[in-house]
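# 3D model of this:
(one chain, ligands or ions: 2)
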Amino acid sequence: DDVLLEIEDLRTHFLLDDGVVCAVDGVDLRVRKGETLAIVGESGCGKSVMARSILRLVDPPGQIEGGKITLHRESGPVELVGADRKLLRQIRWNDIAMVFQEPMASLSLVHTIGSQIVEAVRLHENVGKAAARNRAIEMLDRVGIPMPQRRVDAYPFELSGGMRQRAMIAMALACRPSLLIADEPTTALDVTTQAQILELLRDLQDEFGMAIMLITHDLGVAAQVADSMAVMYLGRVVEYGGAEQVLAEPRHPYTKALLRSMPRLGRAARTRLTAIKGMVPPPYARPEGCAFHPRCDAVMAGRCDTVLPRRVPLREPVGDREVTCLLYEEES
Ligand code: SF4
Ligand code: MG
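Residues are numbered from 1 along each chain as shown. Ligands and ions are numbered 1, 2, ... in the order given. Coordinates of the predicted model:
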C-alpha cells in the first residue's frame, strides 16, 4: 500500500561498563508516503537514537540488537538493519536524508555550503560540476536564502542559525529523498525563525512529496505539522495515531500528562498547567512492568509495576490508534 518505511521490533542498545542500556526497546512504526509523522516525548525517551538507527548513525557503544527496518523503494523493498555500508551510503541523501538540531553537526566547517551540496549530488547522480552547482543555487534559493549565487560560496559559520538550518535543508533535499528525518530541527531557533522553518518544511513537502519524520519534544511543533504522531517513553512507543486525534483525545496516561504540561495545547486555556510528576528515569534504571508506572496517575498497584503492557489497537471513531497500557488491555 502506501507505506514507505516500516520499523518492526527495533532494539538499539548501549553496552556500558555498568550494564546494558536499552535506548530503543522494541519500536514498531510505519511512515506513509508523503506524510509527516511526529515522534514526541520528553528528552531521554529514545527518539533520536531510534531515528539515527534508521541510517545506522548511532555512535558506539550503541548498536542495533534486533528488529527490521524496511524501506519501500520504487525498485522494491530493502532491509536496512542488515544492509552493508555500500547500500547505506546509496540510501543516505538519495532516499533518506537527515537534518539535526544543530546544522554544524552535519555541515563541514572547512567547505563552502555549495561544495557540500555539489558533493552530495554528485555522489548519487551522474551530473557534472556545473550542473550540480546550479542545483545547489536553485535549492538555496528554494529554501529562502537570499542572494544564493553569492551564498553558495559561503562557509557555514558565515550564516546565521536560521540560514544554516535552511542550508542544511537545501542539502538534505538536493537529491530528492523520499524521507526526510528532522531531529529537533527548530529547537535551537527563536520562535519566529522556528515558525518560518516549519512553514518551509510544509511547503517543500507539498512540492517534493517527501515524507517527514519529525522528532520533537515540543507538542506545539508537532501539532503544527504532523499528520500522525507516535509518543515515545523510555524506548517504546506508548501511543500512536492521527495527530489531530491524539491531541484531541489522548488515551495513554503519558500522552495525557504531556498535554497537560503544554501551554498552547490541550483543553481550554483556563485549565491549569501541570508538570508531569517526577522525571524520566535514566534508561539504565528502567522501572519494572510499565516503565511509566512511577509517574502515572492511573497506576494500578500490584499490576503496573510487574506486568509489561503490550500494544493494543483501539477502536476509535476516526483513524487507527494503538496504546501500550494495561488499562486498555482489560478492555480489548
Ligand atoms: Fe499507567 Fe499502568 Fe497504563 Fe502504565 S500500564 S500507563 S502505569 S495505567
Ligand atoms: Mg533528541
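
# how about low-confidence regions in the stretch 1-150 of the chain?
Of all residues in the stretch 1-150 of the chain, none has pLDDT under 70.

# Smallest gap between it and ligand 1, at which residue?
At 13.5 Å from ligand 1, Gly41 is the closest residue in the stretch 1-150 of the chain, using C-beta to the nearest ligand atom. Every C-beta, even on glycine, is put in place using the N, C-alpha and C of the backbone.

# who touches that residue in this structure?
By C-beta atoms under 8 Å, 6 or more residues apart in numbering, Gly41 lies in contact with Lys47, His217, Val231, Met232, Tyr233, Leu258.

# mind exporting the helix or strand containing the last one as PDB, just the C-alpha atoms?
Secondary structure here is read from DSSP states H and E; on that basis Leu258 sits in helix 253-260. Coordinates of the C-alpha atoms in helix 253-260 are reproduced here as PDB (Å, rounded to 0.1, in the frame of the first residue of the first chain):
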ATOM      1  CA  PRO A 253      -1.700   8.400  30.700                       C
ATOM      2  CA  TYR A 254       1.700   9.700  29.500                       C
ATOM      3  CA  THR A 255       0.200  11.500  26.500                       C
ATOM      4  CA  LYS A 256      -2.500  13.000  28.700                       C
ATOM      5  CA  ALA A 257       0.200  14.200  31.200                       C
ATOM      6  CA  LEU A 258       2.300  15.600  28.300                       C
ATOM      7  CA  LEU A 259      -0.600  17.500  27.000                       C
ATOM      8  CA  ARG A 260      -1.500  18.900  30.400                       C
END
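
# How about residues contacting that helix?
40-42, 219, 231, 233, 238-239, 246-247, 250, 265-266, 271, 273-274, 276, 292, 295-298, 325, 327.

# and after it, which helix or strand comes next?
Using DSSP H and E, the helix or strand that follows helix 253-260 towards the C-terminus is strand 311-314.

# from the chain's centre, how far out does that next one sit?
22 Å (C-alpha atoms, centre = their mean, to the nearest Å).

# For the helix or strand that that strand is followed by, which outside residues touch it?
Once strand 311-314 ends, the next helix or strand along the chain (criterion: DSSP H and E) is strand 321-324. With C-beta under 8 Å, 6+ apart as the test, strand 321-324 has contacts from 236-242, 245-246, 251-252, 309-314.

# Try it again at 10 Å.
26, 28, 230-231, 233, 236-242, 245-246, 249-255, 290-292, 308-316, 328-329, 331-332 (C-beta atoms under 10 Å, 6 or more residues apart in numbering).

# which of those residues count as buried?
26, 28, 230-231, 233, 236-242, 245-246, 250-255, 290-292, 309, 311-312, 328 (16 or more other C-beta atoms under 10 Å).

# Mind giving me the packing neighbours of the lengthiest helix in the chain?
Counting residues, the longest helix in the chain under DSSP state H turns out to be helix 191-208. Judged by 3 or more C-beta pairs under 10 Å, 6 or more residues apart in numbering; DSSP states H and E, helix 191-208 is in contact with strand 36-40, helix 129-142, helix 161-173, strand 179-183, strand 211-216, helix 219-225.

# Mean neighbour count and distance to Gly62 added to the ones you listed, as CSV?
CSV is the format used below for the helices and strands packed on helix 191-208 (neighbours: other C-beta atoms under 10 Å; distance: least, C-beta to C-beta, whole Å):
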stretch, mean neighbour count, distance to Gly62
strand 36-40, 26, 17
helix 129-142, 18, 32
helix 161-173, 24, 23
strand 179-183, 24, 15
strand 211-216, 25, 16
helix 219-225, 21, 25
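
# In a markdown table: these, plus distance to Arg151.
Below are the helices and strands packed on helix 191-208 laid out as a markdown table (distance: least, C-beta to C-beta, whole Å):
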| stretch | distance to Arg151 |
| --- | --- |
| strand 36-40 | 27 |
| helix 129-142 | 6 |
| helix 161-173 | 8 |
| strand 179-183 | 21 |
| strand 211-216 | 24 |
| helix 219-225 | 26 |
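
# will you turn the contacts of Gly41 into TSV that also has distance to ligand 1?
Shown next, in TSV, are the contacts of Gly41 (distance: C-beta to the nearest ligand atom, whole Å):
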residue	distance to ligand 1
Lys47	18
His217	19
Val231	11
Met232	13
Tyr233	9
Leu258	12
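
# Need the three-state assignment for the closest residue to ligand 1 within the stretch 101-250 of the chain.
Across the stretch 101-250 of the chain, the shortest distance to ligand 1 (C-beta to the nearest ligand atom) belongs to Val238, at 7.1 Å. Judged by DSSP: H, G, I helix; E, B strand; the rest coil, the three-state class of Val238 is strand.

# For it, list the residues it contacts.
Val238 neighbours (C-beta under 10 Å, 6+ apart): 41, 45, 230-232, 251-255, 290-292, 309, 311, 322-325.

# what ranges do the strands span in the stretch 1-150 of the chain?
In the stretch 1-150 of the chain, the strands defined using DSSP state E, counting those that start in this stretch lie at 3-16, 19-32, 36-40, 62-73, 76-79, 96-99.

# tell me the most buried of those?
Most buried of the strands of the stretch 1-150 of the chain by mean neighbour count (mean count of other C-beta atoms under 10 Å) is strand 36-40; its value is a mean of 26.
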